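>>> Here's my sequence, what's the structure:
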Amino acid sequence: MSFPGQDRDQNKNPSPSPSAPSTKKRPSSWSNVWLKNTKPLKHMVVAMQLQSLSPPGDPKFKTLSPNIFPIDSTLLLSDELLLRIFAKLPDSQRKSISLVCKRWLNLQGRLVRTLRVLDWNFVLSGRLIHRFPNLNHVDMIPGSFISPRNSGIYLSHRLVSMHIDSGFYPNWCFGEENLLPVDVIDNGLKALASGCPNLRKLHVIGASEVGLLSVAEECSTLQELELQKCDDSVLRGIAACQNLQILKLVANVDGFYSSVVSDIGLTILAQGCRLVKLELSGCEGSFDGIKAIGKCCQMLEELTLSDHRMDEGWLAALSFCENLKTLRIQSCKWIDLNPGPEEHMGSCFALERLHLQKCQLRDKSSMGAIFGVCRAARDIIIQDCWGLDDSIFSFASICRRVKLLSLEGCSLLTTEGLESVIQSWNDLQSLRVVSCKNIKDSEISPSLATIFTALKELRWSPDTKSLLPSSLMEASMGKRGVKFFRRT
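Residues are numbered from 1 along each chain as shown. Okay, here's the model as predicted:
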């Protein structure tokens, strides 16, 4: 059967003979065309390089690639090179570069070393590790409280801060009840430790021994730790941190939370750590706990006690801290109400600085003991303390090696009481007297003026109306020190 025109078409295109080879070719695929036609591809690559290297308006680039759209020249730079460039930028500009593109966002996250956690889910989900893989300092305390983030009321304490609700209810409270559960905090510590092996500094609250052990196992480089709301059992986890050097323990904060650190915990801590700096805030203890710290932590150089709840007699244990250089006592209602016999007190021969701040200094026995233990101090700083009168300050005359004395906010101390002590200090070089209203310019004696002229540094402003006598100004005393005197 045939159709009209079929013979005509067959005549025009005769079928090949069986003996002739087939000349029919398969249709070319896109991959074959792309691989064989490489000249346009090379041309585009060269044009991209010229665009990144040539200044705008270069005629060579226009002749080579007139129709190529603008490209991101930074794609030719490696991540390492961009990181070196970003590292040179000030901190105020590093946040803005993360808005350029996803690549820059990831690179900026690799430069972040310090972070305050505000959302605990950010830690548990793993996004914190993915976003900031090179963290070495993490503060997890702000995100450990259950509080409304959109509240305009911000409750702040020296150690703890949080947002609180504006509505006050009959059973409304804050502090310990607002903390996340212990197991949630431990899971967050595990997630953080697994992704930050180079962690060096950590602040955490309400963790257990299990959570701290995970940090100790994964983060061998951890050197500084602040632990709030801790008790004796938690300190077993801290003792596993082999390279820990700086430790701050906060056991109790009035109105927020309460826990107990006693001699048991201090002994566990002393046997496991080799500390250089230790701060105990709201901690209990006694002679035995401080003695254990002094004998085991032989490299301890700085000891700070804040709002301590130590038993009587703890001061005598300070003599076991043979390398202690700085003793700081802050916000304490008492020092040591019964320090014991003077012959049992001992002394810290390596001590260089004694710093008393916002403490009650009314008890004569405790003040006599503290100056006796710290008789080798070269710097004595007393700041905003209550009860420091002439009789209390007279115990400081036993410290014969003092080179710097700083008094601020000591309203009961008089000019006579100051002179009676510093006239026995032959090595005194610097004197600072600020806001001590009972120290008067008019009561400066000739012997005290002579001491002033020998100083290298003198800051004299016991009150806002203080003026140096003209006789001292004529002696050019102010030109001997770092700071010059001014009439106000």
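>>> Check which helix or strand Arg193 maps to.
Careful, residue 193 is Ala; it's not Arg. Per DSSP states H and E: Ala193 is located in helix 182-195.
>>> helices or strands up against the next helix or strand after that helix?
Downstream of helix 182-195, the first helix or strand assigned by DSSP H and E is strand 201-205. In terms of contacts (3 or more C-beta pairs under 8 Å, 6 or more residues apart in numbering; DSSP states H and E), strand 201-205 is packed against strand 137-139, helix 182-195, helix 209-218, strand 224-228. Every residue, glycine included, has its C-beta placed from N, CA and C.
>>> Which parts of this protein belong to which domain?
73-111, 207-480 (automatic domain parsing).
>>> Out of those, which is closest to Asn178?
With C-beta to C-beta as the criterion, Asn178 lies closest to domain 207-480 of the domains of the chain, at 9.0 Å.
>>> what about the closest one, average pLDDT?
Per-residue pLDDT over domain 207-480 has a mean of 90.
>>> quick one, what contacts the closest residue to Glu301 other than its chain neighbours?
Nearest residue to Glu301 in three dimensions, chain neighbours excluded: Lys325, at 4.7 Å (C-beta to C-beta, 6 or more residues apart in numbering). Shown in contact with Lys325 (C-beta atoms under 8 Å, 6 or more residues apart in numbering): 301-302, 350-353.
>>> again with Lys201
If you count contacts by C-beta under 8 Å, 6+ apart, then Lys201 has 136-138, 222-225 around it.
>>> Adding distance to Ala251, write those residues out as TSV.
Shown next, in TSV, are the contacts of Lys201 (distance: C-beta to C-beta, whole Å):
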residue	distance to Ala251
Asn136	27
His137	23
Val138	22
Leu222	21
Gln223	22
Glu224	18
Leu225	14
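>>> Is it possible to mark the buried ones in those residues?
Listed as buried from the contacts of Lys201 are 136-138, 222-225; burial here means 16 or more other C-beta atoms under 10 Å.
>>> coming back round to it: pick the most buried one from the helices and strands packed on strand 201-205.
Mean neighbour count, computed with mean count of other C-beta atoms under 10 Å, is highest for strand 224-228 among the helices and strands packed on strand 201-205, reaching a mean of 22.
>>> Okay, now the sheet partners of that strand, with direction.
strand 201-205 (parallel), strand 246-250 (parallel) (DSSP bridges).
>>> do you know which of the ones you listed lies nearest Lys364?
strand 246-250 (30.3 Å).
>>> could I have that closest one exported to CSV, CA atoms only?
The C-alpha coordinates for strand 246-250 follow below in CSV (Å, rounded to 0.1, in the frame of the first residue of the first chain):
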residue,chain,number,x,y,z
ILE,A,246,41.4,30.9,88.3
LEU,A,247,38.2,30.0,90.2
LYS,A,248,35.3,32.0,91.5
LEU,A,249,32.8,30.2,93.7
VAL,A,250,29.5,31.9,94.7
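>>> Check the burial of Arg312 by counting its neighbours.
Quick fix: residue 312 reads Glu, not Arg. By the criterion of other C-beta atoms under 10 Å, Glu312 has 14 neighbours.
>>> residues in contact with it?
Glu312 neighbours (C-beta under 8 Å, 6+ apart): 286, 336-339.
>>> Mark which of these are part of helices, please.
Members of those lying in helices (criterion: DSSP state H): none.
>>> with the contacts of Lys201 in mind, which one is nearest to Ser447?
Distance to Ser447, by C-beta to C-beta, is smallest for Glu224 among the contacts of Lys201, at 47.3 Å.
>>> Roughly how far does the closest one sit from Ile293?
Counting by C-beta to C-beta, to the nearest Å, the separation of Glu224 from Ile293 is 17 Å.
>>> go on, Thr415?
Taking C-beta to C-beta, one finds Thr415 at 40 Å from Ile293.
>>> neighbour count winner among those two?
Using other C-beta under 10 Å, the more surrounded residue of Thr415 and Ile293 is Ile293, with 24 against 20.
>>> check which helix or strand covers that one.
Judged by DSSP H and E, Ile293 forms part of helix 287-296.
>>> Please export the C-alpha coordinates of that helix as CSV.
Once non-C-alpha atoms are left out, helix 287-296 reads as follows in CSV (Å, rounded to 0.1, in the frame of the first residue of the first chain):
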residue,chain,number,x,y,z
PHE,A,287,40.6,27.2,109.7
ASP,A,288,40.7,23.6,108.2
GLY,A,289,39.3,24.7,104.8
ILE,A,290,41.7,27.6,104.3
LYS,A,291,44.6,25.5,105.6
ALA,A,292,43.8,22.8,103.0
ILE,A,293,43.8,25.5,100.2
GLY,A,294,47.1,26.9,101.4
LYS,A,295,48.9,23.6,101.7
CYS,A,296,47.6,22.0,98.5
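>>> neighbouring contacts of it?
Contacts of helix 287-296 (C-beta under 8 Å, 6+ apart): 262-263, 265-267, 269-271, 275, 278, 300, 303, 310-311, 313-314, 316-322, 324.
>>> Swap in 7 Å and give it another go.
263, 266-267, 270-271, 278, 300, 313-314, 316-318, 320-321 (C-beta atoms under 7 Å, 6 or more residues apart in numbering).
>>> quick check, nearest of the contacts of Glu312 to Gln360?
When these are compared against Gln360 (criterion: C-beta to C-beta), the nearest one is Leu337, at 10.7 Å.
>>> Pretty sure Gln360 is one of the things Lys333 touches, is it not?
Yes. Look at Lys333 against Gln360 with C-beta atoms under 7 Å: they come within range, at 5.3 Å.
>>> Between these two, which has more neighbouring residues?
Neighbour count, other C-beta under 10 Å: between Lys333 and Gln360, Gln360 has more, with 15 against 10.
>>> Tell me how far that one lies from Phe393.
15 Å.
>>> what do you get for Phe145?
In terms of C-beta to C-beta, Phe145 sits 43 Å off from Phe393.
>>> repeat for Pro90
Taking C-beta to C-beta, one finds Pro90 at 47 Å from Phe393.
>>> higher neighbour count, the two?
Neighbour count, other C-beta under 10 Å: between Pro90 and Phe393, Phe393 has more, with 22 against 6.
>>> Would you mind listing the buried residues in the helix or strand hosting that one?
Assigned by DSSP H and E, Phe393 falls within helix 390-393. Using 16+ other C-beta under 10 Å as the test for burial, helix 390-393 gives 390, 392-393.
>>> what does stretch 298-312 give?
Buried positions in stretch 298-312, judged by neighbour count with 16+ other C-beta under 10 Å: 300-311.
>>> go on, stretch 237-257?
237-241, 244-245, 247-253, 256-257.
>>> Same check on stretch 357-366?
Buried-residue list, stretch 357-366, by 16+ other C-beta under 10 Å: 357, 359, 361-363, 366.
>>> returning to that earlier point: the contacts of Lys325 into a markdown table, with extra columns for secondary structure?
Listed next are the contacts of Lys325 as a markdown table, based on DSSP: H, G, I helix; E, B strand; the rest coil:
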| residue | secondary structure |
| --- | --- |
| Glu301 | coil |
| Glu302 | strand |
| Ala350 | coil |
| Leu351 | coil |
| Glu352 | coil |
| Arg353 | strand |
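>>> Closest one of those to Pro181?
Glu302 (34.3 Å).
>>> And the closest one, how far from Ser319?
Distance from Glu302 to Ser319, by C-beta to C-beta: 16 Å.
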